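[1] Attaching a predicted model along with its sequence, questions to come.
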Amino acid sequence: MTPKPKKVVLEAPLPKRWSLFQHVKNALLYALIRTAYATVAAVPFPILRAAAIVLGPLAYWMAVRERRTALQNLARAFPELPADEHRRLAQQMFAHLTTSAMEAVHAKRFLVGRHAVELPKSCRALLDEALAHGRGVVLVTGHIGNWELCGQVFAYAGYPVTSIAKPLYDPRLTRFVHRLRTSFGARILWRGDVSLPKEMLRVFKENAILGILIDQDTRVQGDFVPFFGIPAHTPTAAASLALRNEAPVLVAWSQRTPTGGHQIQMECCAFTPSGNLDRDTLALTAVLSQRLEAAIRQAPAQWVWLHPRFKKQPPVVDTKGGALNNQPTTPAVSAGE
């Protein structure tokens, strides 16, 4: 049997399985995306921010399937709220995501000059303390606030941040996104790349920071832990890597402020292992998921409710989390307030 060729994501050719129609369609989409990006980048940001007031509600009404998913998720997460409040939160979420996309295009505005997002001294202190252990750091986050800007702020501040991302359907788009995300110092590792396992271990050997998002159900190793009181299939890589490498774990997120700025917050998630790696991985994943849930509850409209978070369910559910919530931990140390 001929071995499969080793995959290098950023050098991937166009898929052979594409038909002529798909080649033409995807080429047009790629050109449209590049053109749209260049157009948005050329427009002054204050105009874009004003346009988001119109485009956000428009997206809410046009994205029918996503709107339905968001309302279903909000109803499950906040059953105590009336349907009108669910709709209000969903509309605010679409406006928030529209603004976040425009901010990502104008990322430099939020890294340099008077509009720059500050990395609070308290966050720097937690990062420096974690890195002082010399074993690398696992930085857990989610799609909260403007998560794209959050990662760029850490990298631009001089911290060695590496994150893991899923390649897009079109290799040209993957390379385009890679250039954008790494333009201010961040490093990206792509799932499926032949070098991924080695590069992940290098992060810990070089005492750097590995950022992992765990708030969505993706096709990676995971398990069910409570999220808004509902079992949710959650990636376990962050917990597993931290435990295997004895690396400190931090939880960070960004939230939009009433004035249009961004506030970065961070917690140190201290955890006492029992010695059983499988059990500890599940328990730590549950603790991290709860931390992110608490952050989302601070500003519910700033999370991506349009993701089918609760679609997959275990055969037997334990909505209270049982022993997971009773795992002994040291109180978290917060920063960024």
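    Perfect, I can see it now. Residues are numbered from 1 along each chain as shown.

[2] Excluding its own residues, what touches stretch 90-103? List them.
    Here stretch 90-103 makes contact (C-beta atoms under 8 Å, 6 or more residues apart in numbering) with 40, 45, 48-49, 51-53, 55-57, 59-60, 63, 67, 70-71, 74, 109-110, 145-146, 148-149, 256, 301-306. All C-beta spots, glycine's among them, are computed from the backbone N, C-alpha and C.

[3] run the last query once more with 7 Å
    In this structure, residues lying in contact with stretch 90-103 by C-beta atoms under 7 Å, 6 or more residues apart in numbering are 40, 48-49, 52, 55-57, 59-60, 67, 70-71, 74, 110, 146, 149, 256, 301-302, 305.

[4] Equivalent analysis for stretch 285-305, please.
    70, 73-74, 89-90, 92-93, 96, 140, 142-145, 214-215, 223, 225-228, 234, 236, 238-239, 251, 253, 255-256, 267, 269, 271, 321, 324-325, 327, 329.

[5] Quick one: the strands in the stretch 151-300 of the chain, in order.
    Applying DSSP state E, counting those that start in this stretch to the stretch 151-300 of the chain gives strands spanning 161-165, 187-190, 209-213, 222-227, 230-235, 249-256, 262-268.

[6] could those strands be laid out in TSV, adding mean neighbour count, distance to residue 130 and mean pLDDT?
    Below are the strands of the stretch 151-300 of the chain laid out as TSV (neighbours: other C-beta atoms under 10 Å; distance: least, C-beta to C-beta, whole Å; pLDDT from 0 to 100):
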stretch	mean neighbour count	distance to residue 130	mean pLDDT
strand 161-165	20	13	94
strand 187-190	20	18	95
strand 209-213	24	8	96
strand 222-227	21	23	95
strand 230-235	21	21	96
strand 249-256	24	6	96
strand 262-268	21	7	96
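
[7] of all those strands, which lies closest to residue 16?
    Minimum separation from residue 16 across these (C-beta to C-beta) falls at strand 187-190, 19.5 Å.

[8] which strands and helices sit next to that closest one?
    Applying 3 or more C-beta pairs under 7 Å, 6 or more residues apart in numbering; DSSP states H and E, one finds that strand 187-190 contacts strand 161-165, helix 196-205.

[9] hey, C-alpha coordinates of it in PDB?
    C-alpha atoms of strand 187-190 as PDB (Å, rounded to 0.1, in the frame of the first residue of the first chain):
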ATOM      1  CA  ARG A 187       1.900  32.400  15.100                       C
ATOM      2  CA  ILE A 188      -0.600  30.000  13.600                       C
ATOM      3  CA  LEU A 189      -0.500  26.200  13.500                       C
ATOM      4  CA  TRP A 190      -2.900  24.500  11.200                       C
END
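
[10] ok, how many other residues are close to residue 50?
    Neighbours of residue 50 under the rule other C-beta atoms under 10 Å: 11.

[11] Identify each buried residue in the helix or strand encompassing it, please.
    Element membership for residue 50 (DSSP states H and E) is helix 45-62. Neighbour counts over helix 45-62 (16 or more other C-beta atoms under 10 Å) mark 45, 48, 52, 55, 56, 59, 60 as buried.

[12] low-confidence ranges in the stretch 1-150 of the chain?
    Per-residue confidence for the stretch 1-150 of the chain (pLDDT under 70) gives these ranges: 1-6.

[13] re the thing from before, any chance of the buried residues of helix 45-62 in TSV with distance to residue 197 as columns?
    What follows is these, written out as TSV (distance: C-beta to C-beta, whole Å):
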residue	distance to residue 197
45	40
48	40
52	40
55	41
56	40
59	38
60	41
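
[14] With distance to residue 177 added, can I get the helices and strands packed on strand 187-190 in a markdown table?
    Shown next, in a markdown table, are the helices and strands packed on strand 187-190 (distance: least, C-beta to C-beta, whole Å):
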| stretch | distance to residue 177 |
| --- | --- |
| strand 161-165 | 8 |
| helix 196-205 | 17 |
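
[15] Check which helix or strand residue 100 maps to.
    Here residue 100, judged by DSSP H and E, is contained in helix 83-105.

[16] continuing past that helix, what's the next helix or strand?
    Next helix or strand after helix 83-105 toward the C-terminus (DSSP H and E): helix 121-131.

[17] other SSEs contacting that next one?
    Using 3+ C-beta pairs under 7 Å, 6+ apart, helix 121-131 sits against strand 262-268, strand 333-335.

[18] Residue 127 is nearest to which of these?
    Nearest to residue 127 among those is strand 262-268; the distance by C-beta to C-beta comes to 7.6 Å.
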